[in-house]
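Participant: Build the 3D model from these lines:
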Amino acid sequence: MFRRFFLSLVLLFAGFAAGLAVTARIRAADARADLPPARPATTAVEPQRPAPTPAQTPSASYSGVPDFTRVAASAVKGVSNISSLQVVRAPNSPFSSDPFFRYFFGDDDIFGSRDRRSMSLGSGVIISSDGYIVTNNHVIGENDNVRGARTEITIALPDKREVRGRIIGTDPTTDIALVKANLTGLPVIPWGDSSQLKIGEWVLAIGSPFQLSQTVTAGIVSATGRSNLGFTDYEDFIQTDAAISSARAAAIRASGSPCRATSRRKSSTT
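Facilitator: Residues are numbered from 1 along each chain as shown. Below you'll find the predicted structure:
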C-alpha cells in the first residue's frame, strides 16, 4: 500500500518536471521567433575620397581689372617720335628791326646776322600708311611766321628708322600740325570719334617723354568739352588724369582708337 502510494508520488513529480521542461522549450522557441532576422555580416570599408585636383592657375586677366596689354602693343606701333630743329636768322644789332634805323640805313643789316637754333621734341600719330602723321603745332610750327626761319623735321619710327619729314600744314588755333614722311607701309592707328567719349572711360597716353620712346600711361576721362582755360582762342579739351607730358602724342581709348591728340597740360607746377 505504501509502496503504491510512493510510486504514484514519484510519477507525479516526474510528469510535473517533464511538463516544466517542455513549457520552457516552447517559450524559448517563441522568443526566438519574435526576434528580427539577423543581418548578414558585412565588412566595414572606408569610403574612398576623391583624389585632390591640382591647383588651378589664376587667369592672367582678372574680372573687373582692365587689361591694356593688347591695346598698348598695337597702338605703340603707330606712334612716332618727332624732333624739330628750328633755325632763325637773327641780326646781330638790336637796332636792325627799328623803323627809324631802317629808314636811314635800309633793310640791309650792316651789322651782320647769325643763326639761332632751337630744338623741340614731341610725338606723332601715324594716320595713313603712306606717311601722314598728326602732331602738335607747338612742336614744329612756332617760328613759321618768322622771317628767314626754317624748320628741319626728323621722324623716328618705332622700328628705329629715322627719316626727314616735311610740314604739310599747321593750325595754331587747335595746336594741330600735319607732317609727311616719304615712306609707305607704315602701321596706322585708325582715327576715333571724340564725341563718343564718355566720362569715366579708360584712356591711354602714348608718347616719348624725355626721349623715352614708347611710353604708356593710363587714366580715365575726367571731363569733356573743357574751355576758358586761357591756352588758345578755340578750346574744346578732354580732361584726363593719365600722366601727360609735352611729348605725349595722343589719348588712346581702351578700344584702341585715338580720341584726340594731347595738346595742353595744366597742373599746380606748370
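Participant: Contact partners for residue 181?
Facilitator: Counting by Cβ atoms under 8 Å, 6 or more residues apart in numbering, residue 181 touches 80, 131, 133, 155, 157, 163, 164, 165. (Glycine included, C-beta is placed from N, CA and C.)
Participant: Chain neighbours aside, what residue packs nearest to it?
Facilitator: Leaving out its chain neighbours, the residue that sits closest to residue 181 by Cβ to Cβ, 6 or more residues apart in numbering is residue 131, at 3.9 Å.
Participant: What's the local residue count around the nearest residue to residue 172 once chain neighbours are set aside?
Facilitator: Take residue 172 and drop its neighbours on the chain: the residue closest to it by Cβ to Cβ, 6+ apart is residue 137, 5.3 Å away. A count of nearby residues for residue 137, using other Cβ atoms under 10 Å, gives 23.
Participant: Distance of residue 137 relative to residue 127?
Facilitator: 16 Å (Cβ to Cβ, to the nearest Å).
Participant: Show me where this protein has its helices.
Facilitator: Counting by DSSP state H, the segments of the chain that form helices are 2-34, 69-75, 99-105, 137-140.
Participant: Quick one: mean pLDDT over the shortest one.
Facilitator: By that I understand helix 137-140. Mean pLDDT, computed over helix 137-140, is 86.
Participant: Below-threshold pLDDT in the chain: ranges please.
Facilitator: Applying pLDDT under 70 to the chain flags residues 1-65, 90-113, 142-148, 209-211, 229-235, 244-251, 253-270.
Participant: could you pull out the strands for it?
Facilitator: In the chain, the strands defined using DSSP state E lie at 79-91, 113-126, 132-136, 150-156, 162-171, 176-181, 202-207, 215-226, 237-240, 248-253, 258-261.
Participant: All set now, cheers.
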